[in-house]
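A.B. asks: Predicted structure and sequence below. I'll ask about it afterward.
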Amino acid sequence: MSEHLAPDAEPRNDREARYNEFVGLLARHDQSIRRFVRSLLPSRDGVDDVLQETALECWKKFDAFQPDDPDEAAGEFIRWACVIARYKALGWQRDRQRDRLVFRECVVERLADAAIDHVRRREQQRRAIESCLDALPGDDRRLVLSVHAPGESVARLAAETGQQARRLYSRVNVLRKRLLECVEKRLAGEVAHG
Amino acid sequence: MDDSVRRLIFEAIDGTISPDDFERLQSAIEQSDEVRDEYLRAVGLCEELAEIAVVHSSPELPDALPDPVRRPEAGERRGRLQWWNPGRLAVALALMLSVGAAYWFGRHNSRAPSSQMAGSSSRDVGTDEAVIAGHATLRRSVDLTWSRGTPAWREGDVLPDGQLQFDEGVAEIDFFCGATLIVEGPASLNIESDWSVQVIEGRLRANVPPAARGFVVRAPGADIVDLGTEFALEVGSGSARVEVLDGEVELRGGDLDGQHLRTGQTLALTGSSDPPQAIQGLSTIGELLRRRDDAEAQRFAQWKQSAERLAQDPRLIAYYPMALASDGRIVRNAAATGAERNGTIVGPVQHVPGRFGTASAGLDFERPGARVRTRIDGEFHAFTFVCWGRIDSLEHRYNALFMGDGYENGEPHWQIRDDGRLMFSVMVDDSQEIRHYSELEKRVVTGAGLHHVYITEPFWDITRSGQWFHLAAVYDPQARRVTQYVNGREISSEPIVDRFHTETLRIGPSEIGNWGQPFRKTPEFAVRNLNGTIDELAIFNAALASHEIETLYEEGKPRGY
């Protein structure tokens, strides 16, 4: 196969151009692919590993990537990379099922089928989340972000505000639910306006 | 959409979900389009929140592009930065670097190099030989209260990589590299490898002997690499400070990169720039042991009272509470049935600490020939065997708990197979000659007679060596059922079919921890001494109900279980 020709056999410019093209596509769509990978794993554990394996595999197979429509190259690249990512995510979980909670193969397949659509709406989703967050009162905003911020924690907030951590956790989930509903409404609104 | 399912989704995202709930969630995702969609949207939301949160919180994003080979500091763990942030570009650059490297290497090796790139976790690639999936053991603990939703470990457990979180108490954790941490709660750790741990919250003292030099503790603000031998760390309330108690540490990452601290020096890793006070009042191992011994003595006293009550149970055939220290060769029968049913120590039985620490006693049958012999005459109409035992290893194909000598009609055999399964059987008709092919001896052999072995799923493997277990077997001819329990929970339930049904039960001369009269002499078949300790054994002339077994477990369990 052509990708295994010795480097000096291929014209230098072509190879370099291909490499640059690959790196450009990867850098631009890394976030979308990362989101896809995250959707196939039950936690953030392993996302970096799977992403790295996916990137390497994509590079190995890049010669086989020929978009049908140059205008849709971005979308096609994401879909193509996500097929590889699905395979890698399955393998990663299969290797670790003895010592942590991982998704069954059929669950990963179902999620992968559905996630590809979600990935394409990521940019819109981000804008919606930001406006919905802004609409929250300051304390609530800080609380719901606290669960995700490094160095912060619900336990610390509980100590500061004198509340029970358990109560804060359920408040966090109420806020998350509210955000989800707000985001959905916003996205539906955007779609309606074309 | 049910709120309970949404809760499961968030618990999975937060990493606090239990294995049972996780199964429930998986099934829901598999079967319901709505749940699947909600799951994906929730994951998307939380990922976005994580990125937004980093921008809002951390005041010290690095200006320079981080070296892709260096480990990331906790604040930018996994490189979750805004797309337009220079840090983000560094991640992409590092990706390109590793991809480029892979292109060249990939043509010569089949395996990709395990390059460390900013944003990736440091993990060994391809250790196929790992027999125990873990990086440390929970060596000792005092009054640990595990945080809800996080795994609860017991003394002696092997800890895998991942989160360790408790609200209260003190834990002594031995890493496989040789480093030891004594951690005071409330604490939250992330065990990463044999050589590294991340501290999200907590106060700890780290002891790193020469063999473990290089052990890394990741704290907010810096990674602490111990160059030998002891330092203290406190993380919490938005700050982190480290104090070197003895020896030297090196700080890596962030503003403090490259700094060395020596004995007596204290440094704040984050937060204020004022020189911090020394970290006060951390437990030493000596203090930990004292607290532990006090807690244990208390628990032992409690158990003694429940043992006295148990001894009054009229259904008892015999009760041997070996944990109450015995003298000489007599293993006293504490039940009303009296001295006639006392046990006698025969052979090299070792007196070792029981499950309540050094104040209590146990009998160890490690040496071949070690046994406790007893003789229990009479006829019975049901059996419940209960014991507390600790297995060091399963040396033989069959390892004895309680074995009737001659295995005549009605007599019991209670043992553990080398694959970790419990086996309980009662002889139904010893006059029958049953020939079968024995895998063990690779030939056709004549069995003892007509009997059926009730066997459970494995409950023990080498990672549980040294742990105490409550084991129970209930043989109920009236209900025609054999039920077996581990730690108060039912592990197997099998009907007694007509062919193997007998209502006349006996015991006769029999042994604890070994088998007195094997009817075949090959060593694989005959040698059955238990490489472990038993410190309590009870036999009832009745089929105890599951809640009674559970109560026995709860009342008898040692501290920390």
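C.D. replies: Good, I have the coordinates.
A.B. asks: Only C-alpha atoms from now on, for both contacts and neighbour counts.
C.D. replies: Noted.
A.B. asks: need the helices for the chain, in chain order.
C.D. replies: In the absence of a named chain, this looks at chain A. Ranges of helices within chain A are A:12-40, A:47-61, A:73-96, A:105-120, A:122-134, A:138-146, A:154-161, A:165-192, based on DSSP state H.
A.B. asks: You answered for a different chain; I wanted chain B.
C.D. replies: B:3-14, B:19-31, B:33-57, B:86-106, B:285-311, B:523-526, B:546-556.
A.B. asks: dump the residue contacts of the residue most central in space within chain A.
C.D. replies: For chain A, the residue nearest the mean C-alpha position is A:Arg35 (0.6 Å; CA atoms, centre = their mean). Counting by CA atoms under 8 Å, 6 or more residues apart in numbering or on different chains, A:Arg35 makes contact with A:Val119, B:Gly44, B:Glu47.
A.B. asks: Please report the distance of the last one from chain A.
C.D. replies: So the one you mean is B:Glu47. 8 Å (CA to the nearest CA, to the nearest Å).
A.B. asks: go on, the second one?
C.D. replies: Using CA to the nearest CA, we find B:Gly44 at a distance of 7 Å from chain A.
A.B. asks: where does chain A dip in pLDDT?
C.D. replies: For chain A, residues meeting the criterion pLDDT under 70 lie at A:1-11, A:71, A:151-155, A:190-194.
A.B. asks: check contacts around B:Asp157.
C.D. replies: B:Thr137, B:Leu138, B:Arg139, B:Thr463, B:Arg464, B:Gln467.
A.B. asks: any idea of the pLDDT on it?
C.D. replies: Looking at B:Asp157, its pLDDT is 81.
A.B. asks: how deep is the nearest residue to B:Arg373 once chain neighbours are set aside tucked in, by neighbour count?
C.D. replies: In this structure, B:Arg373 finds its nearest non-sequential neighbour in B:Glu511, 4.5 Å apart by CA to CA, 6 or more residues apart in numbering or on different chains. By the measure other CA atoms under 10 Å in any protein chain shown, the count of residues near B:Glu511 is 26.
A.B. asks: Return the distance of B:Glu511 relative to B:Leu310.
C.D. replies: Remark: distance between B:Glu511 and B:Leu310 (CA to CA, to the nearest Å) = 22 Å.
A.B. asks: Ok, B:Gly532 next?
C.D. replies: B:Gly532 is 24 Å from B:Leu310, by CA to CA.
A.B. asks: same thing with B:Asp429?
C.D. replies: Between B:Asp429 and B:Leu310 the computed distance is 33 Å (CA to CA).
A.B. asks: so what's A:Ala115 up against?
C.D. replies: By CA under 8 Å, 6+ apart, A:Ala115 lies in contact with A:Phe36, A:Ser39, B:Leu40.
A.B. asks: Now for B:Pro314: which residues touch it?
C.D. replies: Counting by CA under 8 Å, 6+ apart, B:Pro314 touches B:Ala336.
A.B. asks: could you redo the last one with a cut-off of 10 Å?
C.D. replies: Applying CA atoms under 10 Å, 6 or more residues apart in numbering or on different chains to B:Pro314 gives the contacts B:Ala335, B:Ala336, B:Thr337, B:Phe540, B:Asn541, B:Ala542.
A.B. asks: per-residue confidence for it?
C.D. replies: With respect to pLDDT, B:Pro314 has a value of 95.
A.B. asks: ok, it to B:Val445 distance?
C.D. replies: On the measure of CA to CA, B:Pro314 and B:Val445 end up 42 Å apart.
A.B. asks: Kindly report the same for B:Arg329.
C.D. replies: In this view, B:Arg329 and B:Val445 are 37 Å apart by CA to CA.
A.B. asks: which residues of the stretch 301-450 of chain B score low on pLDDT?
C.D. replies: Scanning the stretch 301-450 of chain B for pLDDT under 70 picks out B:327, B:440-441.
A.B. asks: Show the residue spans covered by the strands in it.
C.D. replies: B:316-320, B:330-331, B:343-346, B:350-354, B:357-364, B:371-376, B:383-393, B:398-404, B:412-417, B:422-429, B:435-438, B:443-446, B:450-455 (DSSP state E, counting those that start in this stretch).
A.B. asks: out of these, deepest packed?
C.D. replies: strand B:398-404 (a mean of 27; mean count of other CA atoms under 10 Å in any protein chain shown).
A.B. asks: Which secondary structure elements does that one sit against?
C.D. replies: Applying 3 or more CA pairs under 10 Å, 6 or more residues apart in numbering or on different chains; DSSP states H and E, one finds that strand B:398-404 makes contact with strand B:371-376, strand B:383-393, strand B:412-417, strand B:422-429, strand B:508-512, helix B:523-526, strand B:531-540.
A.B. asks: partners of it, with directions?
C.D. replies: strand B:412-417 (antiparallel), strand B:508-512 (antiparallel) (DSSP bridges).
A.B. asks: Go through the helices of chain B and name the closest to A:Ala128.
C.D. replies: Comparing those by their distance to A:Ala128 (CA to CA), the top pick is helix B:33-57, with 10.0 Å.
A.B. asks: ok, and for the closest one, which residues are buried?
C.D. replies: B:35-55, B:57 (16 or more other CA atoms under 10 Å in any protein chain shown).
A.B. asks: same deal with stretch A:24-34?
C.D. replies: Within stretch A:24-34, the residues that count as buried by 16+ other CA under 10 Å are A:Leu26, A:Ala27, A:His29, A:Asp30, A:Ser32, A:Ile33, A:Arg34.
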